[in-house]
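Participant: Fold the following and give me the result.
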Amino acid sequence: MEGKISDIDYINEVKDNVLSVNQKELSRLYEELKSADCIITYGSGRSLCSATIGTSQMAKMKKNPKIVVSPEDPGFPGSGMLDAAPELEKRYEKILLFVNSGGGTSEDPKEVCAELGRYIEETNSEKFSMGLITSKPNSPIAQIVRRHGRVMRLSGRKKREVRNEYRKTGIMGDIFELSSLSLIHMMAEALHENGSADLVFELLGEEFPKIGEAVDDIVGANEYDAAINILERRNDVFLGGRGTSDEVAKMTAIRLTHVKSPLGDNVYRARGVNTPHPRAGDFQILISYSGETESVLRWCQDFRRDSGIVFSITANEGSRLDKTSNYRIILEEEVEPGRPRRFYMRTAFVLSPLPVKLIERLEERGLLLPEYVLHFYHSTIE
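Facilitator: Numbering: from 1, shown residues only. Purely as a prediction, here's the structure:
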């Protein structure tokens, strides 16, 4: 598929990068996912969110479902892979450690891969394998994974002389994170249909024009502009959802933190362990496929009662969350129960330009945020 799908350049680069992955590498990684009955999803920061959004759909499939766990889960059977591996072997026949890491250097995923590699070599276990999506096929993590599984290269942001043109480049790892998210989600859909890796490309070719249209329509809408107007004020931001929606909220929260922190503002997860009471004028972004999740609806009602402003994203126009919010985005999707939902992937794409648009607005006001400042705040939270 050639040509632009969006007026935002980095969204087009996401499409180009995903559709140019090596078909053999994709097929080999896909077959590892297909044969696994247990998938251990891992990564760092937004890359972990991208992987979790996709693999969570594999766990919820009516047909060919997978058991999906993470070393971050409180019920993970060990403090590390060396502790967990013997127990996992007792429970499952084929276990895949599936890692998403753009740079391939993040310490936590590297340690988990190294521990599992050591276990495989010491026990000669044939139940474990590894899979990695990365932009750096010669990175430390890739070198470990290649000895015990499959590495697929997925391009991230290209190096450019001109920096800080975020509409063209995205912010830091945006391109890789959205690329890997869309790829993993479509692998989930192909697995649900028991299809081949070729089906992944077919589904991506069908979906990307819809993503581009949704991004352009929503980013240009009055509701989105209203969100930017609120975000440029001195206020705190709260984001939340339940289940997979919360992973999308975390992705957005991480990036908004990079922009709001230099302003002296804070970004929180709704109902997190350190989440303070909102103040009048604070801003909350809530995500819910149905718009009827009771806890999310209660967060909205409580926030509005405290004179906060709520911006919601749902797939259900006329839902209680839609009606209770100050501002809303509707990403309509009708999916039969047990099929992977594209709502979460589409929501991540639609929210991705929000920090970019906020930076552009701040620049109009005379405040520049060069990327080295964003990198500083990135290093303090991931």
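
Participant: wait, isn't Arg118 in contact with Leu82?
Facilitator: Yes: here Arg118 reaches Leu82: they are 7.0 Å apart, a contact under Cβ atoms under 8 Å. All C-beta spots, glycine's among them, are computed from the backbone N, C-alpha and C.

Participant: average pLDDT across the strand or helix carrying Asp217?
Facilitator: Element membership of Asp217 [criterion: DSSP states H and E] is helix 197-219. Computed over helix 197-219, the mean pLDDT rounds to 97.

Participant: what's that helix packed up against?
Facilitator: helix 9-19, helix 23-35, helix 174-192, helix 343-351, helix 353-364 (3 or more Cβ pairs under 8 Å, 6 or more residues apart in numbering; DSSP states H and E).

Participant: and the ones you listed as a markdown table, adding mean neighbour count?
Facilitator: A markdown table is the format used below for the helices and strands packed on helix 197-219 (neighbours: other Cβ atoms under 10 Å):
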| stretch | mean neighbour count |
| --- | --- |
| helix 9-19 | 22 |
| helix 23-35 | 17 |
| helix 174-192 | 26 |
| helix 343-351 | 25 |
| helix 353-364 | 18 |
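
Participant: Would you convert these into TSV that also reports mean pLDDT and distance to Gly264?
Facilitator: Listed next are these as TSV, based on pLDDT from 0 to 100; distance: least, Cβ to Cβ, whole Å:
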stretch	mean pLDDT	distance to Gly264
helix 9-19	95	28
helix 23-35	98	43
helix 174-192	97	24
helix 343-351	98	23
helix 353-364	91	13
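
Participant: Tell me which residues touch Pro65, please.
Facilitator: Contacts here follow Cβ atoms under 8 Å, 6 or more residues apart in numbering; on that basis Pro65 touches Met58, Ala59.

Participant: can you offset everything so residue one is 57?
Facilitator: Okay, using 57 as the starting number, the last item reads as Pro121.

Participant: How confident was the prediction at it?
Facilitator: Looking at Pro121, its pLDDT is 95.

Participant: any idea which element it lies in?
Facilitator: Per DSSP H and E, there is no helix or strand for Pro121.

Participant: contacting residues for the closest residue in space to Glu288 that isn't next to it in sequence?
Facilitator: Spatially, and ignoring its direct neighbours in sequence, Glu288 is nearest to Arg417 (5.2 Å; Cβ to Cβ, 6 or more residues apart in numbering). Arg417 makes contact with Ile284, Leu287, Glu288, according to Cβ under 8 Å, 6+ apart.

Participant: at 10 Å what do you get?
Facilitator: Arg417 makes contact with Asp281, Ile284, Asn285, Leu287, Glu288, Leu423 under the criterion Cβ atoms under 10 Å, 6 or more residues apart in numbering.

Participant: Quickly note the distance from it to Ala115.
Facilitator: 39 Å (Cβ to Cβ, to the nearest Å).

Participant: Could the C-alpha coordinates of stretch 185-200 be exported in CSV?
Facilitator: In CSV, the C-alpha atoms belonging to stretch 185-200 read as follows (Å, rounded to 0.1, in the frame of the first residue of the first chain):
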residue,chain,number,x,y,z
SER,A,185,11.4,-20.3,23.2
MET,A,186,11.8,-16.5,22.8
GLY,A,187,10.5,-13.9,20.4
LEU,A,188,11.6,-10.3,20.0
ILE,A,189,10.4,-7.3,18.0
THR,A,190,13.1,-4.6,17.8
SER,A,191,14.6,-1.9,15.7
LYS,A,192,18.1,-3.0,16.6
PRO,A,193,18.7,-6.6,15.5
ASN,A,194,22.2,-6.6,16.9
SER,A,195,21.3,-5.2,20.3
PRO,A,196,22.1,-7.0,23.5
ILE,A,197,18.5,-8.4,23.9
ALA,A,198,18.5,-9.5,20.3
GLN,A,199,21.7,-11.4,20.7
ILE,A,200,20.3,-13.3,23.6
